[in-house]
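>>> Sharing a model prediction with you, sequence too.
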Amino acid sequence: MTKKKVDRETADVQARATTLLADTAREKRFAAQIKTTPTDGTGRFTAIVSTFGPPPDHQGDVVAEGAFLKSIAEWRRRGKRPSIWWEHMYHEPNAALGSIERMYETDAGFVIEAKLDLSHEPAVAVYEGLLAGRLNEFSIGFAVLESHREPWPDTVGGTYYTVLDELELLEVSVVHAGANRYTRLLDVKSANTGSNVTVHWTATETPADRLIAEARKRVGDDAE
């Protein structure tokens, strides 16, 4: 990715975030579990960054299945890709780490396949943090377009949670703490890049891994 392209995409995100931050923009943080795979060293990773349905997260929200579909289509229509940031630091251009290459919904949740810019020193630091397990959580920056309230069953006093029916995805950030404990980092691609990171590979396949593989077969090139 050229510097001009990074600057242009950074400016787009900064402008959008500044417009929405005062009233509609929100952040939602998710925890992940590391699974690293020593492969090509390109800085790519795959993660479920939002799960669907109850139970509510720590913020009392539930993301509805299909909530991201219109936003995915709109990003594709514009021919642009959401950025990966560090801790939503829109005021700091160096906090732009890379971009999302593919994004799609599966039964397991909202999945991104992203690439960090390894010519950018802050991105390298985050990449090594993901590989080593020091960093393993994400936060999505989004605007709520449609939502409704639902009663939580078997609670005293009429406890409600918020169902987020339609969201506009602004960006995804790597962060320190998450709200949703059901998401996970599925894969970090790595190689001998000269760092001191030791990568441990596990070939254990989980139900989420199988769902991702099935989804990739279904969506094919349409997920680009």
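Thanks, I have the structure now. Residues are numbered from 1 along each chain as shown.

>>> low-scoring stretches of the protein, by residue?
1-41, 154-158, 178-184, 189-224 (pLDDT under 70).

>>> Pretty sure residue 84 sits in a strand.
Yes. With DSSP: H, G, I helix; E, B strand; the rest coil as the criterion, residue 84 is located in a strand.

>>> Quick check: it touching residue 114?
Yes. With contacts defined as Cβ atoms under 8 Å, residue 84 counts as touching residue 114 at a distance of 5.2 Å. Heads up, the C-betas are built off the backbone N, CA and C, glycines and all.

>>> sec struct for residue 126, please.
Using three-state DSSP, the structure places residue 126 in helix.

>>> can you map out the strands along the chain?
Under the criterion DSSP state E, the chain carries strands at the ranges 25-31, 36-38, 44-50, 61-63, 83-86, 96-106, 109-116, 137-151, 160-175, 185-190.

>>> Between residue 84 and residue 114, which contacts overlap?
Between them, residue 84 and residue 114 have 98-100, 172 as joint contacts when contacts are counted by Cβ atoms under 8 Å, 6 or more residues apart in numbering.

>>> how about the strands of the chain in JSON lines, adding mean neighbour count and distance to residue 70?
What follows is the strands of the chain, written out as JSON lines (neighbours: other Cβ atoms under 10 Å; distance: least, Cβ to Cβ, whole Å):
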{"stretch": "strand 25-31", "mean neighbour count": "20", "distance to residue 70": "17"}
{"stretch": "strand 36-38", "mean neighbour count": "18", "distance to residue 70": "32"}
{"stretch": "strand 44-50", "mean neighbour count": "24", "distance to residue 70": "15"}
{"stretch": "strand 61-63", "mean neighbour count": "21", "distance to residue 70": "14"}
{"stretch": "strand 83-86", "mean neighbour count": "23", "distance to residue 70": "19"}
{"stretch": "strand 96-106", "mean neighbour count": "21", "distance to residue 70": "11"}
{"stretch": "strand 109-116", "mean neighbour count": "23", "distance to residue 70": "13"}
{"stretch": "strand 137-151", "mean neighbour count": "18", "distance to residue 70": "8"}
{"stretch": "strand 160-175", "mean neighbour count": "21", "distance to residue 70": "6"}
{"stretch": "strand 185-190", "mean neighbour count": "22", "distance to residue 70": "24"}
